[in-house]
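Q: sharing a sequence plus its predicted fold:
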Amino acid sequence: MSSGRNDVSSSEELIEYMRSKRGFVSRGQMMAAKMDWKYAASYDELVTRAQLFTDDLQKDARVDRPTRELIILAAAATRLFQEGVRLHIDVALRLGVSPETIADAMQPLIITSGAPSFFLVMNELDRALEAAGSSDGTSG
């Protein structure tokens, strides 16, 4: 594996680099990397800066990474982007955001984006908790 994006010279190396940096790569990102890895690398640079995936970008941020992840999750939900909702719930949970906090933070979606956005998040949160072994859909 390469040490950084500048050392990447193939789609496979880019996919592995992105996975190691953020903990996931979406199916769409993988396909983009396979079709044109240089374009996908440029996209990855933008995503890295926007989502603060690296420690050097986080140090000067006024919004912490868990809060930023909740904002990204809400944005994905407003677009009914199921894969994005799924991925960002998983990231939020890995960052230590509780399921209850995710649910509370997403409640305004009912007013701003409608019930489908809110319940998309709730369905994917339930899926994530089931996958993690929480059979009752709560962390308590």
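A: Perfect, thanks for sending it. Residues are numbered from 1 along each chain as shown.
Q: list the contacts of the residue sitting nearest the centre point of the chain.
A: For the chain, the residue sitting closest to the mean C-alpha position, by C-alpha atoms, centre = their mean, is His88 at 3.0 Å. In this structure, His88 makes contact with 69, 72-73, 76, judged by C-beta atoms under 8 Å, 6 or more residues apart in numbering. Where C-beta positions appear, they are placed from N, C-alpha and C, glycine not excepted.
Q: most neighbours, which of the residues you listed?
A: Most neighbours among the contacts of His88, by other C-beta atoms under 10 Å: Leu73, with 26 neighbours.
Q: name the surrounding residues that touch whichever helix or strand that residue is part of.
A: Following DSSP states H and E, one finds Leu73 within helix 65-78. The contact list for helix 65-78, computed with C-beta under 8 Å, 6+ apart, reads 51-52, 58, 61, 63, 84-85, 88-89, 91-92, 95-97, 101-102, 105-106, 108-109, 112-113, 117-118, 120-121.
Q: the same query, at a cut-off of 7 Å, please.
A: 51-52, 58, 84-85, 88-89, 91-92, 95-97, 102, 105-106, 109, 113, 117, 120-121 (C-beta atoms under 7 Å, 6 or more residues apart in numbering).
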